[in-house]
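Enquirer: here is a sequence with its predicted model. Questions after.
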Amino acid sequence: MKNKAKSINKALDNSIPLCNNFVPLWEPVLEVHKAMRYTLLPGGKRVRPMLCLVACELVGGQESTAMPAACAVEMIHAASLILDDLPCMDDDSLRRGKPTNHKVFGEKTSILASNALRSLAVKQTLASTSLGVTSERVLRAVQEMARAVGTEGLVAGQAADLAGERMSFKNEDDELRYLELMHVHKTAVLVEAAAVVGAIMGGGSDEEIERLKSYARCVGLMFQVMDDVLDETKSSEELGKTAGKDLITGKLTYPKVMGVDNAREYAKRLNREAQEHLQGFDSDKVVPLLSLADYIVKRQN
Ligand code: IPE
Ligand code: IPE
Ligand code: MG
Ligand code: MG
Ligand code: MG
């Protein structure tokens, strides 16, 4: 996993240059590239690109075949973090132990950097054809990513998250239904896309892709449940982002609705469910995916 993270970091570093054939970029573009690199490069856990690579290998593909798509998924994630931290969204000033993107580059450049990361993600994925992936598979991967970004994924989740701050519910069942839908859209759909795109690039069958998709949906939801738990139970130093923020801003979260202990139990249940979806794959080959899911439920930041 450490080697994989190194390869991902190297590929990400190469994807956004600061000069072109030793000629520095045009100054306004250079500033946007610096802002893109600021959030994309250091400090992230790289859960999504890692999942993309191990899904590709699980179905018999080479790590290198899925690398552009893995980087693309991380670019979409970084773009979403930049937007999420803006003053008009979560208004956060700390991310990965550093000032947030807009605190350093200003809101205007931040928004441009976020947009540019999303378009670079598409460009990167399309380039997979040069690695021998068929255009049909590449198109399918781009379709998955588009779904994850828009109103079937991230955008819907973030809209629901913002609306949820001032929403009242008839009863706890309604509240839980809304919360799950919100978390699935804002986090799980991209985690799902990471696994699906990895399997598509690796030449997986439709059945294998479906199984991985179900696994990743559980992992993605579990990821956001744990993010909510950590927000309430850890310090800003430990998290590298402002702790206790969800409570202050009145966010709808799992600990808020069911308490911290029940939320942890729910995450563990999702982990077991995720593992069940991997039955049918070779038991040795699924070890990286089982470990990744375990890491997500036990993580400390
Ligand atoms: C944070 O994601 C945003 C959520 C969807 C909860 P990560 O916890 O994966 O952030 P990094 O990339 O490791 O900083
Ligand atoms: C963010 O959820 C989900 C995204 C799509 C970025 P949060 O708002 O809980 O993420 P953090 O806690 O700021 O990382
Ligand atoms: Mg948010
Ligand atoms: Mg946030
Ligand atoms: Mg959070």
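Expert: Cool, got the structure. Numbers count the residues shown, from 1 in each chain. Ligands and ions are numbered 1, 2, ... in the order given.
Enquirer: what secondary structure does the residue of the stretch 51-200 of the chain found nearest ligand 4 sit in?
Expert: The minimum distance from the stretch 51-200 of the chain to ligand 4, using Cβ to the ion, falls at residue 90 (3.6 Å). In short, each C-beta sits where N, CA and C put it, glycine included. Following DSSP: H, G, I helix; E, B strand; the rest coil, the label given to residue 90 is coil.
Enquirer: how many residues are close by it?
Expert: 20 (other Cβ atoms under 10 Å).
Enquirer: which helix or strand lies directly C-terminal to the helix or strand that residue 139 is a member of?
Expert: Element membership of residue 139 [criterion: DSSP states H and E] is helix 135-149. Where DSSP H and E defines the elements, the next helix or strand beyond helix 135-149 is helix 154-164.
Enquirer: what's the angle between that next one and helix 135-149?
Expert: Interaxial angle of helix 154-164 relative to helix 135-149 (axes from the mean of the first three to the mean of the last three Cα atoms, to 10 degrees): 10 degrees.
Enquirer: for ligand 3, see how far away the closest residue to ligand 5 within the stretch 101-250 of the chain is.
Expert: The nearest approach of the stretch 101-250 of the chain to ligand 5 comes at residue 227, 4.4 Å away (Cβ to the ion). To ligand 3, residue 227 is 9 Å away according to Cβ to the ion, to the nearest Å.
Enquirer: list the contacts for that residue?
Expert: Residue 227 makes contacts with residue 187, as judged by Cβ atoms under 8 Å, 6 or more residues apart in numbering.
Enquirer: repeat for residue 243
Expert: 230-232, 234-236.
Enquirer: buried only: go through these for me.
Expert: 230-232, 234 (16 or more other Cβ atoms under 10 Å).
Enquirer: what's the closest of the contacts of residue 243 to ligand 4?
Expert: Nearest member of those to ligand 4, counting by Cβ to the ion, is residue 231, at 8.7 Å.
Enquirer: mind checking the SS state of the residue nearest to the spatial centre of the chain?
Expert: By Cα atoms, centre = their mean, the chain has its centre lying nearest to residue 77, at 4.6 Å. State at residue 77, reduced to three classes by three-state DSSP: helix.
Enquirer: show me the contacts for it.
Expert: Contact analysis of residue 77 by Cβ under 8 Å, 6+ apart lists 44, 48, 190.
Enquirer: show me the strands in this protein, by range?
Expert: 19-20, 23-24, 94-95, 98-99 (DSSP state E).
Enquirer: so which of those is the most surrounded?
Expert: strand 94-95 (a mean of 20; mean count of other Cβ atoms under 10 Å).
Enquirer: what lines up beside that strand in the sheet?
Expert: strand 98-99 (antiparallel) (DSSP bridges).
Enquirer: do the strand it pairs with and ligand 1 come into contact?
Expert: No. Interface with ligand 1: strand 98-99 contributes nothing (Cβ under 6 Å from any ligand atom), its closest point being 10.6 Å away.
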